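> test case, fold it:
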Amino acid sequence: MRCLYKTYRLHIVFVLLVFMLQQEIHAQLPARGLDLWMRADSGLQLYNKRVLIWNDLSGHQRQAITQTRNGPEFIHDALNGHPVVRFNGTNTGMETPSFATFPGSRGTIIIVARINGRSMTSGVGMGNLLATYHGEGLSWQFGSDGEIISFYDGLSGHGFPIHPSEQNPWQILTLERTGDTVMKIYQGGRLDKTFNIVKGDPAVNTLKIGFNGRTGGTATDSIPEVLNGDIAEIIIYDRVLDQQETTAVYDYLTGRYGLRLRPPPFWERTWFYAAVVIVLLLLAVLLTKIVVQRKLRKKLAEMERQREMDRERHRISREMHDDIGAGLAQIAMMSESARKKSGNDNEKELLDIAQTSRTLVNNMSEIIWSLNPEYKTLEHLISYLREQLNKQLEYAGMEFSIRLPEGGSDILLTNEQRRNILLITKEIVNNAVKYSGARHLTVEALLEAGFLRFWITDDGCGFDVQQQRTGNGLHNIRQRATELGGTLELITAPGNGTKYRYAIPLPPTT
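Next up, the predicted model:
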């Protein structure tokens, strides 16, 4: 009686341990819809290392059975210390009782397996991992010959091969049927192929493990396609797992067997998104900088144009005040003086009024010419200067020579440059005509190394530069040359004539 009690108590402890182990196992995988679960380290019945029965851990009692003693072999430490069921390409596979795989044309199958080579019993070398190809109607088969992995729907006559993607021969292979005619194959957790199949699966069928269910023999269609590879675990669900559940299964398998999932392609990795964000931010900063710089340059250009206009207005105002205003005031005074006199006494004032009026008209003509946008090139300036000098010297009572360069149509000048070059040259010539008493005058200019260079020489009386403090417009001449960024040199002495040399920098050609 005491022995029976001890035996009964040990039996209860054993049942509790089995129950706890079962609960722990189930806690590692999503339980809902778990249709079949086989592991090589649990529930195997062996005969001389040959697997006779492979038990189902899902609770549905769908154990797989080998019909002969030439079944697959149990290898105890083939996968990182874990056992596997090995099919050698010639032995007999295993078969479960009939049940519906992919019920309602939905489901998920996950296999931990390694393909060792080609099948020895198939003419094309294709061995089956899992199949429901024979029995109660045609359905599907999933296998490999070591070079490609293929799914065949059993009706359409088409296979859908993909190449193994990892150097490590151990694979976590997933079949996922998400629609009536849609099948997906994953390797290492990464989607490899999505394809269409024919909806022809029967309501129920036996699941063949390691072969396609053919019985062998001499007939071609009776030769079994036996797997040449190892299987460590098979997990089947009667539904499509969501992302969180799939991740849980993969975490369980990778943690248990020390396998790695395939890394995502670079465009799905965090560093790639970070790089894209950084590049976009840099582009945004660069684009913003370019836009801001363009706006700033535009604003600066507008400000420079405004300053140029302001300088031009100031220059015109100054010249109008200096030339026109002074001339008009002089005319007014001469007119008042002429009014008070009578007869021949006012002849000189009237002549002065006429002369001053002509000078004002000439100055006004020069100002209008310098402001005319049609006359903006050096060629226009040279042509106008030649015309003005000829008028200025025609009745001066001295011999003169004018040698000015040709061309310059591709050199654009500002109003200030045109006006000041014209005034400098005319002022020097005017001083020579009025004060030098010269018999000969030479005006020569040429283009040289980005400068317009002038030489104006007369053989007149000359003067002492140190004592020449007023008159002759020398101060205005120097100031205008300086405003243009040019240089001016004066060589003269009493009795030795006068020579002006000045150079004005020119803008680059257009």
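> next structured bit after the lowest-mean-pLDDT helix or strand in the chain?
Each helix and strand of the chain was given a mean pLDDT (mean pLDDT, DSSP states H and E); the minimum falls on helix 2-27 at a mean of 44. Next along the chain after helix 2-27, taking DSSP states H and E as the criterion, comes strand 34-39.
> export that following strand to PDB, keeping only CA atoms.
In PDB, the C-alpha atoms belonging to strand 34-39 read as follows (Å, rounded to 0.1, in the frame of the first residue of the first chain):
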ATOM      1  CA  LEU A  34      -1.000  27.100 -33.100                       C
ATOM      2  CA  ASP A  35      -1.800  24.100 -35.300                       C
ATOM      3  CA  LEU A  36       1.400  22.000 -35.200                       C
ATOM      4  CA  TRP A  37       4.700  22.300 -33.300                       C
ATOM      5  CA  MET A  38       7.500  19.800 -33.500                       C
ATOM      6  CA  ARG A  39      11.000  20.100 -31.900                       C
END
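> buried sites along the helix or strand just after it?
Following strand 34-39 in sequence order, the next helix or strand is strand 44-47 (DSSP H and E). By 16 or more other Cβ atoms under 10 Å, the buried positions in strand 44-47 come out as L44. Heads up, the C-betas are built off the backbone N, CA and C, glycines and all.
> name the strands paired with strand 44-47 and say parallel or antiparallel.
Using DSSP bridges, the strands paired with strand 44-47 in its sheet are strand 50-54 (antiparallel).
> and the contacts of the partner strand?
Contact partners of strand 50-54, identified using Cβ atoms under 8 Å, 6 or more residues apart in numbering, comprise 38, 43-46, 63-66, 69-74, 85, 94, 209.
> check which helix or strand covers E176.
Of the helices and strands defined by DSSP H and E, E176 is found in strand 170-179.
> helices and strands around the top helix by length along the chain, which ones?
Selection of the longest helix in the chain by residue count, based on DSSP state H, yields helix 270-319. Based on contacts counted as 3 or more Cβ pairs under 8 Å, 6 or more residues apart in numbering; DSSP states H and E, the elements that helix 270-319 packs against are helix 347-371, helix 415-431.
> can you tell me which of the ones you listed the model trusts least?
Mean pLDDT is lowest for helix 347-371 out of the helices and strands packed on helix 270-319, coming in at a mean of 70.
> show the subsequent helix or strand relative to it.
Using DSSP H and E, the helix or strand that follows helix 347-371 in sequence is helix 378-393.
> what packs against that following helix?
The helices and strands touching helix 378-393, judged by 3+ Cβ pairs under 8 Å, 6+ apart, are strand 399-403, helix 415-431, strand 440-448.
> could you rerun that using 7 Å?
Helix 378-393 sits against strand 399-403, helix 415-431, with contacts defined as 3 or more Cβ pairs under 7 Å, 6 or more residues apart in numbering; DSSP states H and E.
> strand 440-448 and that one, what's the angle between them?
Put simply, helix 378-393 runs at 180 degrees to strand 440-448, going by axes from the mean of the first three to the mean of the last three Cα atoms, to 10 degrees.
> I'd guessed N128 sits against E225; true?
Yes - using Cβ atoms under 7 Å, N128 and E225 qualify as a contacting pair, with a distance of 5.2 Å.
> so what sits against both of the two?
Between them, N128 and E225 have 143, 211-212 as joint contacts when contacts are counted by Cβ atoms under 7 Å, 6 or more residues apart in numbering.
> deepest in the core, which of the helices and strands packed on helix 270-319 is it.
Sort the helices and strands packed on helix 270-319 by mean neighbour count, taking mean count of other Cβ atoms under 10 Å, and helix 415-431 sits at the top with a mean of 21.
> who are the packing partners of that helix?
By contact count (3+ Cβ pairs under 7 Å, 6+ apart), the secondary structure elements abutting helix 415-431 are helix 270-319, helix 347-371, helix 378-393, strand 451-458, helix 474-483, strand 498-505.
> mind redoing it with 10 Å?
The criterion is 3 or more Cβ pairs under 10 Å, 6 or more residues apart in numbering; DSSP states H and E, and the helices and strands that helix 415-431 contacts are helix 270-319, helix 347-371, helix 378-393, strand 440-448, strand 451-458, helix 474-483, strand 487-492, strand 498-505.
> now the fifth one and strand 487-492, what's the angle there?
What separates the directions of strand 451-458 and strand 487-492 is an angle of 10 degrees, with the same axes, to 10 degrees.
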